[in-house]
Structure formats: C-alpha cells, structure tokens
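1. predicted coordinates and the sequence they were generated for:
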Amino acid sequence: MISNLLILIKGEWFKLRRRWLLWILLAVIILVSQAFLWGFYTVHHVTEGEGTNTFLSDYQYIGDTATVQVSCAELLDGRLQERIQPLSIEERLIVEGEIAEWGPKECSDYAYEPEKFFMFMLPTSIVGSIYLVFLTGLPFMLIMILSASLLGSEYGWGTLRVVVSRGLGRWQLISAKLILCVLVAFGWLAVMVLLNIVSSILAGVIPPDEGVSLIMLPEGDTWPSVLSTFCKFIGKALYATVPYICLGTFFVVLTQSTAQGISLSVVTYVAEAMVVPALLAISEKLERINEGLLSSNVREWISLGDSKAAEALKGAETPDTLQAFLVILAYSVVMLVISIWLFQRRDLSGAKGE
C-alpha cells in the first residue's frame, strides 16, 4: 500500500512540475523573502547602522530644577535611577510612573546591537526573512491555492473518472495529492533557506563593511542551540501549512471546481485571519472565541517569542504551543475527513473545461 502511494506521489509530481503555477508561486515567495532580507539590509545602512532604533523617541521630563531625558537604551540597561537622580523625590515618583507606561509602548521594538543584524547576517538570517514572510500569511495562501489547483485541475480535465475507473482507490489519490503539497511546502522552505544563506554571505562581503565577522552568533547561544531553534521553526512552519492545504482541498471537493475552490479558500482565509479577529476585538466577551481561530493559533504556533527588549519590559511570555498544536490538528483532521468522505461518495463528472 505504501509503495503504491509513493508511486502515486511520484506520478503527481511528474504532472505538477510541468505546470507554470508551481514555479510562479515559488518565485513569488522567494521574491518576498529576499525583499525582507535586502530591505532590512538597506534600512540598516540608510540609517547609518542605527536600524530600528532611529525611530524610537526618548522620554523627556522638564522639572522645576532639572530636565531629564531617558532613552530606551538607558532604561533597558538599568540606568533610570542614575538619570533621575537630579530630581526631587516627588518628581522621581512622577517620572517613574510615566516611564512605567512609556517604556512598554516605545521601547518594546528596541534592537540591541546583535539584533540589528538579525535579518541579513548568518546564522540568524537563515530563517529571519522566512519568519516575517510567514507572519504575513503569504505562504499559507499560496500553498492553499496550489492544493486547490492540484485537485481542481483534475475535475476540469475530466481525468478523475478515468483514473478511478482503473481501480485506483479514491482515498489514495487524494492522499497522494495532499502529501505532495506538504513536500512542495518543504521544498519551498529549503529553497528559501539556501537563498538566504547565499544572500547573507553577499551582504557580509560587499561594501560597506559591517565591521563584524561574517557569522555573528547571538550572545549566550551555541551552534547546537541555534540549529535546534532553526529546525524547530522549519518543522513548525511546515506543520502550520497542513490545515491550509486541507482547506484548499476541501473547497475544491465541495464545489468540484478549481475557480470556485480557490475563490472560497481565499475568501475564507481573509475573513478568518483579518475580518473576524477585528470584529471579535470589539467586545471582551468574545475574546475566547478569538483563541479558537485557526489564524490566531497558527501565529502562536510559529512565534519565535519576544525580543530581548520586550522581555525586559514585560517579562517573557511563553506561548501556549500545546493549545495551538491541538487546534491546528483539529482543523486539519476535520477538513481532511470531510473532504475524503465527500470525495468517496460523489460521482465524478466529465471535463468541465476549467
């Protein structure tokens, strides 16, 4: 049975690799990933190495006897008391209260020196831009379109009836297509990682000189810990694509149409990821519903955590990865079971010309 499934996957890949859609979607995700990497590289040099810190404003207090100005760097380095020393006791209490509100708002995005190179210096750049691309949701939408097209094209060509009439099990056919989509998603990730390595090497050797080594290991990290983090992220990113592959397949099986399947998939994705959370945020009573949305749990699942500045200001918050894992699994299983059930029961019509 496994050997038959592998043969089917190989056959599906032979058909898929000849289609322009696969390579167009790959080109789109590569361009976006590289745009993030080189965009941060450009911003870093345009701001003369100050990076994101350029856009952070300092806190200023004008007292009766002295004027105090506190930067994010001074706050995070524990130099607040030193800065407010010239003030009276009453004024110090005022400043401390105001900074308690100002700090989390203004300094959470502060980047320490090693973090400025996160996007374009090895080894952190290997997944830096990929992480940002996944936060946009673009890979999920592209793999969803591919999965819908992979099965929907069979409806349009009218080849499903011919294939099934030869004794091939329907569940085997749909399983082969789903597994191929997962393998394609892994291939996309591998290509982006390799291109990020090449781009990072170029960013480290072309002028202007960064004044640092080509490889900058984050402080306190070791190569095993860094590689472990990267492997975990790749695994999480791949797992997060599964429900969207199932979503694209579900709507194609439901409508038996490529165009309608892709349209409904995209509309559902946009509504669930962008529209519904905004509506639920109107009332605190609906906050629990938001925690059950697929998009919310996917973001929680692939999160790399807060920056060092954010952790220093509000403490490290551990994401609820178990809940996110279970929610993603539940969505995937439900859509997969319904898709296979519909695919098994429905008659297969001839070519639709889509």
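-> Ah, there it is.

2. going forward, measure contacts and count neighbours with C-alpha atoms only.
-> Noted.

3. ok, I197 touching L122?
-> Yes. Counting by CA atoms under 8 Å, I197 touches L122, with 7.2 Å between them.

4. so those two - more neighbours on which side?
-> L122 (25 against 19; other CA atoms under 10 Å).

5. pLDDT value on that one, please?
-> As predicted, L122 sits at a pLDDT of 75.

6. correct me if wrong: it contacts V198.
-> No. L122 is beyond contact range of V198, at 9.8 Å (criterion: CA under 8 Å).

7. give me the domain ranges for this structure.
-> As assigned by automatic domain parsing, the chain contains the domains 2-50+112-345, 57-106.

8. do you know how far the residue sitting nearest the centre point of the chain is from V32?
-> Nearest residue to the geometric centre of the chain (CA atoms, centre = their mean): F134, 1.9 Å. When distance is defined by CA to CA, to the nearest Å, F134 is 10 Å away from V32.

9. what residues do those two have in common as contacts?
-> Shared contacts of F134 and V32, defined by CA atoms under 8 Å, 6 or more residues apart in numbering, are absent.

10. figure out how far the host helix or strand of L247 is from the centre of its chain.
-> With elements taken from DSSP states H and E, the one containing L247 is helix 223-255. Mean C-alpha position of helix 223-255 versus that of the full chain (CA atoms, centre = their mean, to the nearest Å) differs by 10 Å.

11. strands of this protein, start to end?
-> Remark: strands assigned in the chain by DSSP state E are 59-62, 67-70.

12. so what's the model's average confidence on the last one?
-> Averaging pLDDT along strand 67-70 yields 73.

13. and that strand, what does it pack onto?
-> Applying 3 or more CA pairs under 8 Å, 6 or more residues apart in numbering; DSSP states H and E, one finds that strand 67-70 makes contact with strand 59-62, helix 80-83.

14. with only the CA atoms kept, save that strand in PDB.
-> Coordinates of each C-alpha in strand 67-70 appear next as PDB, following Å, rounded to 0.1, in the frame of the first residue of the first chain:
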ATOM      1  CA  THR A  67      15.300  68.400  32.800                       C
ATOM      2  CA  VAL A  68      15.700  64.700  32.400                       C
ATOM      3  CA  GLN A  69      15.800  62.800  29.100                       C
ATOM      4  CA  VAL A  70      15.800  59.000  29.200                       C
END
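
15. so what strands line up beside it?
-> strand 59-62 (antiparallel) (DSSP bridges).

16. looking at the protein, which helix or strand does the model trust least?
-> The helix or strand of the chain with the poorest confidence is helix 308-314; it has a mean of 47 (mean pLDDT, DSSP states H and E).

17. mind listing what's buried in stretch 238-250?
-> Neighbour-count burial for stretch 238-250 flags 238-250 (criterion: 16 or more other CA atoms under 10 Å).

18. what is the rounded mean pLDDT of that stretch?
-> Averaging pLDDT along stretch 238-250 gives 94.

19. ok, Q34 - contacts?
-> Q34 is in contact with S129, N196, counting by CA under 8 Å, 6+ apart.

20. tell me, how many residues neighbour R83?
-> 17.

21. so how far is A281 from it?
-> Applying CA to CA to R83 and A281 gives a distance of 39 Å.

22. got the contact list for E90?
-> Neighbouring residues of E90 by CA under 8 Å, 6+ apart: there are none.

23. pLDDT at it, what is it?
-> E90 is assigned 76 on the pLDDT scale.

24. and Y331, by the same measure?
-> So, for Y331, pLDDT stands at 94.

25. so it makes contact with P243?
-> Yes. Using CA under 8 Å, Y331 makes contact with P243 at a distance of 6.1 Å.

26. can you give me the mean pLDDT across stretch 141-150?
-> The pLDDT scores in stretch 141-150 average 93.

27. what of stretch 192-206?
-> What stretch 192-206 shows for mean pLDDT is 86.

28. which of the residues in it are buried?
-> By neighbour count with 16+ other CA under 10 Å, stretch 192-206 contains the buried residues M192, V193, L195, N196, I197, S199, S200, I201, A203, G204.

29. among these, which are in helices?
-> The helices, defined by DSSP state H, take in M192, V193, L195, N196, I197, S199, S200, I201, A203, G204 from these.
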